[in-house]
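Q: model this:
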Amino acid sequence: MKMARITSLNYKMYVIVVGCGKIGREVAVELSRMNFNVTVIDKHYAELSSLPETFGGFTIVGDATEQETLKKAKANKADIMVVTTPNDPTNYFISMLGENIFGIPQVLSLVNNHENSELFKKSGIGVISPIKLSVDNFKENVLGTLEFEV
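A: The predicted structure follows:
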């Protein structure tokens, strides 16, 4: 995964979050709270309107599979793109647009079907896997508390 390089301590990273469902909304709100510059793209105004009043970023109603929408979001200036739609092929396509057409240095994508993780990784896309996160959390919090006799 390529990492964005920051040359000024005063630089605020610009992040585009695609998808404003449960995960995208929480990511956008947390990044905004951390003082990142955030733009959220979603096809549905109702999803964007669910962002809390404390959200300090921008919103765009549009289809992120269309280059015009990403141009409107100034994707060519983004340091990070986080793609969180519920559809892996859509996430892959948007991630590839962000990485290869707009040159976004770091692209992370939600991968809903764990079998697709390798494809995303081989393409240089960072993977956010709810299944892997859940299993890791389970192992850490449940199995880590058990004592085993050998």
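
Q: Against Q67, how distant is the closest residue to S123 other than its chain neighbours?
A: Nearest residue to S123 in three dimensions, chain neighbours excluded: M96, at 6.6 Å (Cβ to Cβ, 6 or more residues apart in numbering). Bear in mind the C-beta positions are built from the backbone N, C-alpha and C, glycine included. From M96 over to Q67 the distance is 12 Å, taken as Cβ to Cβ, to the nearest Å.

Q: if you count what's nearby, which of those two comes out ahead?
A: M96 (17 against 12; other Cβ atoms under 10 Å).

Q: Quick check on V18: phi, psi?
A: phi -100, psi 120 (degrees, to the nearest 10).

Q: Over to V40?
A: phi -110, psi 130.

Q: Just give me the neighbour total for K122.
A: As a burial measure, K122 scores 8 neighbours (other Cβ under 10 Å).

Q: my bad, K121
A: Residues near K121, counting by other Cβ under 10 Å: 13.

Q: Next up, the contacts around the nearest residue to it once chain neighbours are set aside.
A: Sequence neighbours aside, V127 is the residue nearest to K121 in space, at 5.8 Å (criterion: Cβ to Cβ, 6+ apart). Contacts of V127 were listed using Cβ atoms under 8 Å, 6 or more residues apart in numbering, and they are L108, S109, V111, S117, F120, K121.

Q: What pLDDT is listed against G144?
A: The model reports G144 with a pLDDT of 64.

Q: so how far is E115 from the residue nearest to K121?
A: 12 Å.

Q: Which helix or strand contains the spatially most central residue of the chain?
A: Nearest to the geometric centre of the chain sits V82, at 1.8 Å (Cα atoms, centre = their mean). When elements are defined using DSSP states H and E, V82 is found to belong to strand 80-83.

Q: list the helices and strands the following helix or strand past that strand packs on?
A: Going down the chain from strand 80-83, the next helix or strand is helix 88-96, by DSSP H and E. Helix 88-96 sits against strand 80-83, strand 106-110, helix 117-122, with contacts defined as 3 or more Cβ pairs under 8 Å, 6 or more residues apart in numbering; DSSP states H and E.

Q: Helix 88-96 relative to strand 106-110, how many degrees between them?
A: Angle of helix 88-96 versus strand 106-110, following axes from the mean of the first three to the mean of the last three Cα atoms, to 10 degrees, is 170 degrees.
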